[in-house]
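A.B. asks: using only what follows, build the 3D model:
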Amino acid sequence: MVTAAKRALEWRREYGRGGTDVGVARARNIANRDNLSDETVKRMYSFFSRHENNKAKHYSAKEPDGGPTAWRIAWDLWGGNAGYSFSKRIAERLEKERSMQDMDKSDTISPDIEDETMTDEVREEVIEEVSVETEEVLETEEAEVENRFDREKMETRGMIFDTKVVDEEKRTVQIAVSSEEPVERSFGTEVLDHDERSIDLSFARSGTMPLLLDHDPRQQIGVVEDVRLDGSARRLRATVRFGRNGLAKDVFEDVVDGIRSNISVGYHVNSMVEDKTGSYRVDNWLPMEVSVVSIPADRTVGVGRAAEAPPAKPKTETLIEETTMSEEVQVDVEAVRAEAARSAAKDTAEMYRLAAKHNKRDMADEAVKNGRSLAEFRGELLEAIGNAPLDTQEIGLTKKEVRNFSLMNAIRAMANPTDRNAQEAARFEFEASQEAAKRAGADPQGLYMPHDVMRSWAQRDLNTSDDSAMVAEAYRGGDFIDVLRNASSVMQAGATMLTGLQGDVKIPKKTAASTGAWIATEGGASTESEPTFGQVTMSPKTVGAFTDITRLMMMQSSLDIENLVRNDLSTGIALAIDNGALQGSGSSGQPTGIANTSGINAPTDFAAATPTFAEVVAMETAVAEDNALMGNLAYILPASMYGALKTAKKDAGSGEFVVEPNGTINGRTAIVSNQVTAGDLYFGNFADCLIGMYGGLDITVDPYTASTSGTVRIVALQTVDVAIRHAVSFAYNNDGA
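C.D. replies: Next up is the predicted model:
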């Protein structure tokens with residue numbers, strides 16, 4: 001279905017024929033793998049059923065230009081043959097379920113067409129006519145909804161604020177939205193009729209019609225309220241309320257100061273009539289949005305077109321001393337202000353996108369109202385959704401497609417760009433990479449690994465449950481994270497993995513709690529005490545790993561080679577992330593690890609390279625004194641120290657050793673890792689160690705470094721960051737050497 005829909009969209013763009021707006025909308029749904037409602041699937045089946053009788057004539061036919069027929073393009077827009085099979089199966093199941101219910105016959109047949117004398121055959125024909133009619137109405141309405149937000153089909157015309165009344169406390173402004181002033185268009189003069197019967201005010205009076213900046217739907221700065229038609233003045237008036245975010249606040253202040261005084265209305269023309277003077281009066285139109293603009297459309301430009309740029313300033317001789325510093329600074333300030341406004345609008349749109357994904361619209365409203373940054377909102381949302389990915393970037397690959405994704409195919413194609421066979425073999429991998437990069441908003445240097453594939457980055461197993469000629473793999477969701485977990489000491493200790501991150505993230509934390517106090521005397525006041533809050537900031541940092549493949553190895557198609565490359569890259573990255581979490585310097589592109597985090601507990605240095613039991617317990621005591629002895633508590637230590645502690649007695653008489661028989665230390669989990677520098681010992685609540693994963697792997701191929709031997713270097717880059725929520729949750733120590 002996806003293949004057919006994408007192909008039809010390409011054909012329609014190339015040949016300019018086939019299908020309707022509804023078909024295009026359906027193709028986009030299918031191509032994007034959107035969920036389809038039961039009603040939509042039934043309309044799909046109805047469409048295919050009506051047009052199937054022409055399939056033999058038009059499906060394989062070609063037009064004089066060599067392209068497919070309009071019928072074939074329309075057919076594929078709805079998913080093609082696969083869509084027909086799919087919709088038929090679902091529609092038949094739904095019909096079977098419906099027939100099992102005791103439903104009123106009037107739900108299907110309108111009372112005015114039912115007749116007691118009607119035969120079954122006639123009744124079926126009537127039902128079919130009503131069904132087709134209803135479907136066509138639904139398709140028309142659906143097309144109208146799609147078109148309402150199509151900027152190319154929306155007209156605009158400008159006005160100046162009329163009898164502006166501002167309520168600064170409520171942040172409202174009364175404006176004139178539109179009038180019957182004639183506007184020149186390509187086909188003649190257009191006049192908007194301002195009669196109650198001519199304007200569809202259903203959306204305008206819903207309380208949700210947006211107030212935009214420069215007709216940009218991504219820059220909503222308020223909402224339109226209290227729309228009213230002034231019959232005597234033949235004008236549409238309204239009260240608009242500005243939001244409180246940065247961009248809306250700036251525009252409102254400019255309106256109050258009289259700097260911004262132009263507005264423009266965006267509307268759809270449903271019908272128009274020509275009068276005796278040759279003008280065209282629009283007798284049915286729908287207002288869709290009101291915008292604050294710097295330059296409104298005028299008669300010379302024409303409605304629906306952007307105002308043309310002003311003519312170039314004549315070239316003149318200007319003395320250097322005529323340019324003052326104040327003028328230069330003013331230009332820079334305006335440019336910075338405009339860029340800040342665009343950035344604020346983009347951030348607000350991103351907040352609402354993330355909020356909608358997690359059904360947290362109220363959080364976005366609150367963040368915008370209080371002027372929080374996008375990074376702060378991401379952090380608050382992460383706190384609210386728990387372990388769920390902040391932004392899922394899967395592209396919808398099936399299990400079979402995930403199994404078929406071959407890293408080696410892509411590597412061979414990138415290493416041999418002129419090899420047509422290699423390029424053809426890797427077509428699927430490249431298409432998946434492009435879609436994954438687009439979904440993540442990334443600009444990769446090479447192959448961008450889809451999140452779907454990373455989640456199942458597992459050892460492949462031969463089995464007989466799939467096609468006999470196909471190699472399958474055991475699907476284990478989240479296995480890429482498991483690779484990190486197995487190779488990483490901090491992940492084994494219970495570090496918190498945050499996935500699906502984009503951009504900076506500021507996670508809130510409480511730095512001090514409120515305290516209670518006794519009231520000294522009857523009727524006295526209690527002492528004021530408030531909690532204080534801080535933030536933990538995470539920002540993208542890049543870690544890389546590489547592996548070299550010989551020419552002969554790359555020529556192999558063995559599963560072992562595929563797994564070898566996968567495991568080398570994933571393990572290398574996992575160890576690098578682990579090292580950054582433990583002892584990252586915080587400079588030169590590294591995250592700040594536990595050992596270098598300011599405020600971490602550091603008891604008195606060990607007296608020797610191998611600590612005593614008392615020195616080990618002192619680390620727990622330091623964490624406990626800060627009320628942080630909770631969560632995923634564990635020790636991380638190098639193998640040399642672990643071996644020494646297995647023979648180090650707790651005291652002279654008990655005969656017990658620091659490392660207990662079950663491998664624990666003082667009852668806590670002990671994790672051995674050669675990532676740890678000799679002599680170092682870590683203890684803490686590793687749930688407060690945050691590992692943030694940004695997007696997928698970016699894999700590039702370098703065939704030149706060792707070209708004389710035919711060896712190819714595979715480089716994998718992963719964007720990640722590490723943050724410590726509470727420094728006091730950890731203790732770090734060594735002998736000070």
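
A.B. asks: I'd like to know how many residues surround Gly653.
C.D. replies: Neighbourhood size, Gly653 [other C-beta atoms under 10 Å]: 7. C-beta: built from backbone N, CA, C; applies to glycine.

A.B. asks: which parts of the stretch 351-500 of the chain are strands?
C.D. replies: 447-448, 496-498 (DSSP state E, counting those that start in this stretch).

A.B. asks: so which of these comes closest to Glu95?
C.D. replies: Glu95 lies closest to strand 447-448 among these, at 43.1 Å (C-beta to C-beta).

A.B. asks: burial count for Leu633?
C.D. replies: 21.

A.B. asks: could you check how far it is from Leu690?
C.D. replies: Leu633 sits 17 Å away from Leu690, going by C-beta to C-beta, to the nearest Å.

A.B. asks: give me the domain ranges for the chain.
C.D. replies: 2-148, 151-293 (automatic domain parsing).

A.B. asks: any chance of those domains in TSV, plus distance to Met491 and mean neighbour count?
C.D. replies: Compiled in TSV, the domains of the chain are given as follows (distance: least, C-beta to C-beta, whole Å; neighbours: other C-beta atoms under 10 Å):
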stretch	distance to Met491	mean neighbour count
domain 2-148	31	15
domain 151-293	38	17
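
A.B. asks: now do the contacts for the closest residue to Asp568 other than its chain neighbours.
C.D. replies: For Asp568, ignoring the flanking residues on the chain, the nearest one in space by C-beta to C-beta, 6 or more residues apart in numbering is Thr547 at 4.0 Å. By C-beta atoms under 8 Å, 6 or more residues apart in numbering, the contact list for Thr547 reads 565, 568-569, 572, 713-714.

A.B. asks: so Met491 versus Thr499, what's the distance?
C.D. replies: 13 Å.

A.B. asks: among the contacts of Thr547, which ones are in strands?
C.D. replies: Applying DSSP state E to those, the entries found in strands are 713-714.

A.B. asks: tell me the two of the contacts of Thr547 that are most distant?
C.D. replies: Gly572 and Arg713 (12.6 Å).

A.B. asks: between those two, which contacts overlap?
C.D. replies: 546-547.

A.B. asks: distance of the closest residue to Trp11 other than its chain neighbours relative to Gly18?
C.D. replies: Nearest non-adjacent residue to Trp11, counting by C-beta to C-beta, 6+ apart: Ile73, 4.9 Å away. Per C-beta to C-beta, Ile73 is found 3 Å from Gly18.

A.B. asks: find residues that contact each of the two.
C.D. replies: Counting by C-beta under 8 Å, 6+ apart, the contacts common to Ile73 and Gly18 are 8, 11-12.

A.B. asks: which of those residues sits closest to Lys360?
C.D. replies: Looking across the shared contacts of Ile73 and Gly18 and measuring by C-beta to C-beta, the closest to Lys360 is Ala8, at 36.1 Å.

A.B. asks: any idea how far Ala432 lies from Met449?
C.D. replies: On the measure of C-beta to C-beta, Ala432 and Met449 end up 9 Å apart.

A.B. asks: wait, Trp75 touches Glu52, no?
C.D. replies: No: using C-beta atoms under 8 Å, Trp75 is not in contact with Glu52; the gap is 9.1 Å.

A.B. asks: quick one: contacts for Asp65?
C.D. replies: Tyr15.

A.B. asks: that one falls within a strand, correct?
C.D. replies: No: the assignment for Asp65 (DSSP: H, G, I helix; E, B strand; the rest coil) gives coil, which keeps it out of a strand.

A.B. asks: how near is it to Pro444?
C.D. replies: 37 Å.

A.B. asks: now Leu552
C.D. replies: 28 Å.

A.B. asks: if you count surrounding residues, which of those two has more?
C.D. replies: Higher neighbour count among Leu552 and Pro444: Pro444, with 19 against 9, using other C-beta under 10 Å.

A.B. asks: next, the buried residues of the lengthiest strand in the chain.
C.D. replies: Taking DSSP E as the criterion, the chain has its longest strand at strand 689-706. By 16 or more other C-beta atoms under 10 Å, the buried positions in strand 689-706 come out as 689-703.
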